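1. Could you look at this predicted model? Sequence included:
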Amino acid sequence: MQNDYERNRIVAASAARGRPAGIEARGLVRDFKGGVRAVAGIDLVVSEGEIYGFLGPNGAGKSTTVLMLSTLLPPSAGHATVAGHDVVREGAAVRRAIGASLQESALDPYLSAREHMLLQGALHGLSRAAARARGEELLERVGLSEAAERKVKGYSGGMKRRLDLALALIHHPRLLFLDEPTTGLDVQSRTALWEEVRRLADEGVTVFLTTQYLEEADVLADRVGIIDRGRIVAEGAPADLKAEIGRPAVEALPEDPAQRERLAGVLARIGELLPAAAGGAVAVRLPAGARDLAEVVRALDAEGISLAELRLHAPTLDDVFLAKTGRSLEGGGDREEAQQEGAAAAGGQTGGSVRA
Amino acid sequence: MSGSAAQSSQGGIWAVARAIAWRNLRTYVRRPELFVPSLVFPLIFLAAFAGGLSALGGAPGFHFPAGYTAFQFVFVLLQSAMFAGLFTGFSLAFDFESGFARRLMIAAADRRGIALGYALVALTRATVTLTVVTGVALAAGMQVTGDGVEVFGLYGLAALLVFVGYGWAAGIAFRFRSIQAGPLMQTPVFLILFLAPVYVPLGLLKGWIHAVASVNPATFFLEAGRGLIAGRPTQLALAFGLALVLIGLFSLWARLGLRSAERGS
């Protein structure tokens, strides 16, 4: 988390020095046939070198936004610049500056990974020698060197996504669009991809990442934009967004139920007691966040109170989504289901649902 | 980064076109289900028309100095040329349907290179097919009474028809972006080709088919092609001029189709 703060500090400092934004969008709208408005007026600014997580349920407008910013779809209204170039009037310049790994891995099953690298290099105007050298470097980097000669039709989903990422990087883009890069991947592949994205950001590449996974946005993104029904409903650093919702709470269950009143007395000295603790437990909001947890443990130890269970409830991005939309993010693509889930979640506690 | 970025000037129209042609031809030769039919069907047509219907060469009023095999060969040659263009349109539509074209659309600074790249693919595919068809026809005893320049003209006309077929199909592929548009590409070309004087010269056709064939553009191509192989050039300006006009029109059609694909409409 400290890393997040550090990154934000760097980004803020960059912005303050007046460096051009990686992406800037104002009032971006996209309508489809039949009057469907997929994106309903998006404003966002992504600074150079930043990892921006675009989080939302299926059908919220994430991919449509990426398609517009990557020049694959013109906006119906509004204006956007990517790497300082207008996405409508200067599409070619935008495409020179960006790399993109979109939802469908756009690969030819009859070509090998090495041939894909040569093709992608040629499309970007690299010489064959340069494309070959850069291709080998990237295949090594994403762990596909050994499979480089195999035709892609024999690749697993994770291998295809890694190849897709390598292809997006062949021309050293300044800005990278990743549209749900880890959807359908196993935990190991997902973690490897996250590491690679972090490494790219450390190298100064701006990353615009869409995801429906709360954990992914939380772990990777410097800032998160939460989109729902085509509009951004919340934006900021994950920690700040969660802090807006409320501080973490701790719930303690005494080993001896007769100790409950003493336990409540000790915890009341640390923070505000919460009413809804179930099953004989006592819950308290931690005023200084998770750092108060050590104080809780020390105080209980000093009073000689033994615990059967101690749980920390930290607000999640799902809580943020819930607070902003009245619905839970999980399953939010289906509006009826989402409303039911939202109602259920609103009646419960702060524990969020993490799709992973 | 900056040094590397400088390396990547991003390909212009020709770099994109060459890259696309390289990929498609590589895939083409690895997929026998694609290239075998493209070679076998013209040969079946040649065997069926030139062999099975060869008695038509002796019909009253049928005077073709190079013989019936050469008469039918020209039809098969020009048909194969147009279909090489059409089938490349199929490939383009399939690439859109599979999502591969997104890679091209996002990587190509100049997207006209995409249309040009597939045109190069069409021409290369046609070259392979026409070479095989010509080889088989000559091995089967086809006579060529035209001189070298005239034969060159025949293949030049075939090359133009590759682009006519491709331009038409590419326009459809860019608009529909689905292989389901295949019949839309194919059917009009089939109709035009088979409403031309395929089996006998125009003069021997009667009734409505004669009326239709008289204004059918394919008739002008066939008449010119047959004249060239027989060493009796006829209607060359009309045939070549018409082919060039159609290429111009279908280039515009394909360009507007590409814009439609860019708009996602």
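-> Yep, that arrived. Numbering: from 1, shown residues only, chains lettered A, B, ... in the order given.
2. ok, longest helix in chain B?
-> Longest helix in chain B, counting residues (DSSP state H): helix B:68-98.
3. what does the stretch 101-250 of chain B put close to chain A?
-> B:101-110 (C-beta under 8 Å from any C-beta of the partner chain). Using the backbone N, CA and C atoms, a C-beta is placed for each residue, glycine as well.
4. Which ones among these lie within helices?
-> Using DSSP H, those in helices are B:101-107.
5. Where is pLDDT lowest across the residues of the stretch 101-250 of chain B next to chain A?
-> When these are sorted by pLDDT, the bottom entry is B:A109 at 85.
6. In the residues of the stretch 101-250 of chain B next to chain A, find the pair that's most separated.
-> With C-beta to C-beta as the measure, no two of these lie farther apart than B:R102 and B:D110, at 16.5 Å.
7. I'd like the residues of the stretch 101-250 of chain B next to chain A as TSV, with neighbour count appended.
-> Listed next are these as TSV, based on neighbours: other C-beta atoms under 10 Å in any protein chain shown:
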residue	neighbour count
B:A101	21
B:R102	19
B:R103	25
B:L104	24
B:M105	21
B:I106	23
B:A107	31
B:A108	26
B:A109	21
B:D110	18
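8. Serialize those to JSON lines and add fields for distance to B:V198.
-> Shown next, in JSON lines, are those (distance: C-beta to C-beta, whole Å):
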{"residue": "B:A101", "distance to B:V198": "35"}
{"residue": "B:R102", "distance to B:V198": "41"}
{"residue": "B:R103", "distance to B:V198": "41"}
{"residue": "B:L104", "distance to B:V198": "37"}
{"residue": "B:M105", "distance to B:V198": "40"}
{"residue": "B:I106", "distance to B:V198": "44"}
{"residue": "B:A107", "distance to B:V198": "43"}
{"residue": "B:A108", "distance to B:V198": "40"}
{"residue": "B:A109", "distance to B:V198": "45"}
{"residue": "B:D110", "distance to B:V198": "41"}
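9. of all these, which comes closest to A:P109?
-> So of these, ranked by how close each gets to A:P109 (C-beta to C-beta), first place is B:R103, at 13.2 Å.
10. is it true that that closest one touches A:I170?
-> No: look at B:R103 against A:I170 with C-beta atoms under 8 Å: they stay out of range, at 11.4 Å.
11. Overlap of the contact sets of the two?
-> Common neighbours of B:R103 and A:I170, using C-beta atoms under 8 Å, 6 or more residues apart in numbering or on different chains, are A:Q120.
12. Now the spatially most central residue of chain B: closest residue in space that isn't a chain neighbour?
-> Per C-alpha atoms, centre = their mean, the C-alpha nearest to the average position across chain B is that of B:M82, at 2.2 Å. Closest residue to B:M82 apart from its sequence neighbours, by C-beta to C-beta, 6 or more residues apart in numbering or on different chains: B:G165 at 3.7 Å.
13. what helix or strand is B:L34 on?
-> helix B:32-46 (DSSP states H and E).
14. And for A:E215?
-> helix A:214-220.
15. name the helices or strands packed onto that helix?
-> strand A:51-55, helix A:187-202, strand A:206-211, helix A:317-325 (3 or more C-beta pairs under 8 Å, 6 or more residues apart in numbering or on different chains; DSSP states H and E).
16. ok, A:T81 - contacts?
-> Taking C-beta under 8 Å, 6+ apart as the definition, contacts of A:T81 comprise A:21, A:23-25, A:87.
17. same deal with B:A173?
-> By C-beta under 8 Å, 6+ apart, the contact set of B:A173 is B:89-90, B:92-93, B:96, B:181, B:185, B:257.
18. Redo those as JSON lines? Include neighbour count and pLDDT.
-> Formatted as JSON lines, the contacts of B:A173 follow (neighbours: other C-beta atoms under 10 Å in any protein chain shown; pLDDT from 0 to 100):
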{"residue": "B:G89", "neighbour count": "27", "pLDDT": "95"}
{"residue": "B:F90", "neighbour count": "19", "pLDDT": "94"}
{"residue": "B:L92", "neighbour count": "32", "pLDDT": "95"}
{"residue": "B:A93", "neighbour count": "26", "pLDDT": "95"}
{"residue": "B:F96", "neighbour count": "22", "pLDDT": "94"}
{"residue": "B:A181", "neighbour count": "20", "pLDDT": "93"}
{"residue": "B:M185", "neighbour count": "25", "pLDDT": "94"}
{"residue": "B:G257", "neighbour count": "23", "pLDDT": "96"}
